[in-house]
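>>> give me the fold of what follows.
(one chain, ligands or ions: 1)
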Amino acid sequence: MNILVINCGSSSLKYQLIDMKEETVLAKGLVERIGIEGSRIKHDTTGKERVTIEEPMKDHKRALELVLNAILDKNYGAISSLDEIAAIGHRILHGGEDFVQPALITNEVIEAIRKNIVLAPLHNPAGLMGIEACRDLMPDTPMVVVFDTAFHQTMPAENYIYPIPYEYYEKYKIRRYGFHGTSHKYVSLRAAEILNKDIKNLNIVTCHLGNGSSIAAVKGGKCIDTSMGLTPLEGLPMGTRSGDIDPAIIPFIMDKEGITTSAEINDFLNKKSGVLGISGISSDFRDLEDAAEAGNERAKLALNIFCNGVRKYVAAYAAQMGSIDVLVFTAGIGENSSYVRERSCKGLECLGLIIDHELNDVRGKEAILSKNIVGPTIMVIPTNEELMIARDTLDIVNNR
Ligand code: ADP
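Numbering: from 1, shown residues only. You can find the predicted model right below:
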C-alpha cells in the first residue's frame, strides 16, 4: 500500500511516496517557486536519476498536477496508475486545541484548520491549498491531516497556560501549543524500539535541533512539556529566532529604536536574532563551529548560549518527569553536530547523562552515545517526519 505525503509551504511543496509494506521511499521531491517566475520540481525516484522539471506553476493545484505526472512518468516515474496511491497524508502546522491526533479530512476538519489560521497565518493557508489541490485532482482518495501541534496536546494545563491574564486564553486561545510534534513523536517511539523497551515505562527528553529547535519531555509516550509556545519563537535560541528573552526587552527596544509596528518586532525577533544575532556571522551551525575554531569569540559565545539553553531544558524536563531514561538528539544540528551534543551534555552528568567522546563522533545515523550500563541512554536518531505522517495516515485510513 502506497501513501503520498504532502507538505506545503506558501510557495513550495515537498512530497514523498512511501510503500508501507517495507516502509521504503519510492519517490520524493520538492517543488519551489510556486506562483513565482522560475517554478521547478526536483524529482527523485529511488534507483533512477534525478530530473528537474521547469515549467510555470501558477498555483499549488498546477504544481500537484505536475508532481503526479512525474510520479506516473514512464521513464522517471515510480508507479503506473494513481490507483496505486491508497491515501494522502498532509502535514499542517497548527491544529490549535481542536486536534489531539491526526484526522481523516472532512469538510468539518477543513473548517477547523481554517479556524486555526489565526494561530498560523503563514502556514495553515498553504496547507489548505495542498489539501484543496488533492481534493480536486484525486477526489476519491482518502486524505488524512497530521498536525505539528497534536502530539503536544497531552500537556497538562500547568505547562501550557501562560502567567498572563487568564482571559487572553479564554478570548484568544493564547497558550503553549508546541511544534515539531511529528518529529518528537517519531524519535521517542524509535528510541523505545531501539532499546527494546515499552515506551510506557520510559521518561524521554527529545531534542529537535535544526534551523528551528525545540525540546520535549515525553513521559510514558505522552508529551508533558515542550519548549516552543504559542508560536515557534519561544524556547531555545535558534538560527535566527530569539527563543526565550525578557519580554520587557520588546517595549524597551521599541522606545529606543522608534519601532512602532508589530511586523518590525516580529522581523527582528524571528529573522535577526538567535545565533545569527549574537554572532553577527551566520545562522548555520557549521559556519559558527568553523568560526569558533578559528578563534571568533562571538561565534563561541553564540554556541555556548545555545548549548546552555539545551542543557537547561533537558535538566528542567528530567526534573518535571522525576527522572530521565533517554536523551535523544535529532534534526540537522542534533544529528550532525558532535560539538553541540558534547557541550550540551556538559554538566548533565549530575543526572547520570554521560556522553562518550568517541561514541559521539557520529553523524546522521542512529547511534548510542553513552557507555554506561545502568542509568540513562543518550542517543542520536535521525528524524523521519514523512514516515511518521505516512504511518499515522495508514493507521487512520485502516481504522475508518
Ligand atoms: P529545518 O529546521 O530547516 O528542517 P534542519 O533540521 O535541516 O533544519 O537543520 C538545519 C541546520 O542543521 C543547519 O542550519 C545547520 O545549522 C545544521 N547542520 C547541518 N549539518 C550540520 C553539521 N554537519 N554540523 C553542524 N550543524 C549542522
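
>>> please count neighbours and contacts with C-alpha atoms only from this point.
Fine.

>>> show me which residues of the stretch 151-300 of the chain sit near the ligand.
Applying the criterion C-alpha under 6 Å from any ligand atom, the portion of the stretch 151-300 of the chain that neighbours the ligand consists of 210, 211, 212, 284, 285, 286.

>>> export these to a markdown table and tack on pLDDT and neighbour count?
Output for those, formatted as a markdown table (pLDDT from 0 to 100; neighbours: other C-alpha atoms under 10 Å):
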| residue | pLDDT | neighbour count |
| --- | --- | --- |
| 210 | 96 | 18 |
| 211 | 92 | 16 |
| 212 | 95 | 22 |
| 284 | 97 | 17 |
| 285 | 97 | 24 |
| 286 | 97 | 13 |
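
>>> would you mind giving the residues you listed as CSV with secondary structure and distance to residue 265 added?
Below are these laid out as CSV (DSSP: H, G, I helix; E, B strand; the rest coil; distance: C-alpha to C-alpha, whole Å):
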residue, secondary structure, distance to residue 265
210, coil, 23
211, coil, 20
212, coil, 18
284, coil, 22
285, helix, 24
286, helix, 28
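
>>> now, the most widely separated pair of these?
Pairwise distances among those were taken by C-alpha to C-alpha; the largest, 15.1 Å, belongs to 212 and 286.

>>> strands of the stretch 101-250 of the chain, start to end?
Counting by DSSP state E, counting those that start in this stretch, the stretch 101-250 of the chain has these strands, from start to end: 103-104, 143-147, 203-209, 213-219, 222-226.

>>> kindly reformat the ones you listed as a markdown table containing mean pLDDT and mean neighbour count.
A markdown table is the format used below for these (pLDDT from 0 to 100; neighbours: other C-alpha under 10 Å):
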| stretch | mean pLDDT | mean neighbour count |
| --- | --- | --- |
| strand 103-104 | 96 | 18 |
| strand 143-147 | 97 | 27 |
| strand 203-209 | 98 | 29 |
| strand 213-219 | 98 | 29 |
| strand 222-226 | 98 | 25 |
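
>>> looking at those, which is nearest to residue 3?
Between residue 3 and the strands of the stretch 101-250 of the chain, the shortest separation by C-alpha to C-alpha is 9.7 Å, and it involves strand 143-147.

>>> for that closest one, name the packing helices and strands.
In terms of contacts (3 or more C-alpha pairs under 8 Å, 6 or more residues apart in numbering; DSSP states H and E), strand 143-147 is packed against strand 85-92, strand 103-104, helix 181-195, helix 385-398.

>>> and the pLDDT at the residue most central in space within the chain?
When the chain is reduced to its mean C-alpha position, the nearest residue by C-alpha atoms, centre = their mean turns out to be residue 180, at 3.1 Å. According to the prediction, residue 180 has pLDDT 97.

>>> how about the nearest residue to it, chain neighbours excluded?
Using C-alpha to C-alpha, 6 or more residues apart in numbering and skipping residues adjacent in sequence, the residue nearest residue 180 is residue 148, 5.3 Å away.

>>> in stretch 13-29, what's buried?
Taking 16 or more other C-alpha atoms under 10 Å as the neighbour-count basis, stretch 13-29 is seen to contain the buried residues 13, 14, 15, 16, 17, 18, 19, 25, 26, 27, 28, 29.

>>> mean confidence score for it?
For stretch 13-29, the mean pLDDT works out to 97.

>>> check contacts around residue 392.
The contact partners of residue 392, taken as C-alpha atoms under 8 Å, 6 or more residues apart in numbering, are 102, 146.

>>> sorry, back to before: tally up the residues packed near the residue nearest to residue 180, please.
Counted by other C-alpha atoms under 10 Å, the residues lying close to residue 148 total 24.

>>> residues contacting it?
If a contact means C-alpha under 8 Å, 6+ apart, then residue 148 has 91, 92, 93, 94, 95, 178, 179, 180, 181, 182 as its contacts.

>>> so the first one sits against residue 13, correct?
So that's residue 91. No. Contact criterion C-alpha atoms under 8 Å: residue 91 and residue 13 do not qualify, at 10.7 Å.

>>> quick check: neighbours shared by the two?
Here residue 91 and residue 13 share the contacting residues 6, 7, scored by C-alpha under 8 Å, 6+ apart.

>>> what residues does stretch 161-180 touch?
If you take C-alpha under 8 Å, 6+ apart as the criterion, stretch 161-180 is touched by 93, 96, 148-149, 152-153, 159-160, 208, 214, 226-232.

>>> check which residues of that stretch are buried.
Of the residues in stretch 161-180, those buried by neighbour count under the rule 16+ other C-alpha under 10 Å are 161, 162, 173, 174, 175, 176, 177, 178, 179, 180.

>>> now stretch 103-117
Within stretch 103-117, the residues scored as buried using 16+ other C-alpha under 10 Å are 103, 104, 105, 109, 110, 112, 113, 114, 116, 117.

>>> all helices of the stretch 1-150 of the chain, in order?
Residue ranges of the helices in the stretch 1-150 of the chain, as given by DSSP state H, counting those that start in this stretch, are 60-72, 107-115, 123-137.

>>> and those: which comes nearest residue 399?
helix 107-115 (17.2 Å).

>>> mind putting the helices of the stretch 1-150 of the chain into CSV with distance to the ligand?
Putting the helices of the stretch 1-150 of the chain into CSV (distance: least, C-alpha to the nearest ligand atom, whole Å) gives the following:
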stretch, distance to the ligand
helix 60-72, 21
helix 107-115, 23
helix 123-137, 14
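
>>> turn these into CSV, including mean pLDDT.
As requested, the helices of the stretch 1-150 of the chain are exported to CSV (pLDDT from 0 to 100):
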stretch, mean pLDDT
helix 60-72, 96
helix 107-115, 94
helix 123-137, 94
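
>>> thanks a lot, see you next time.
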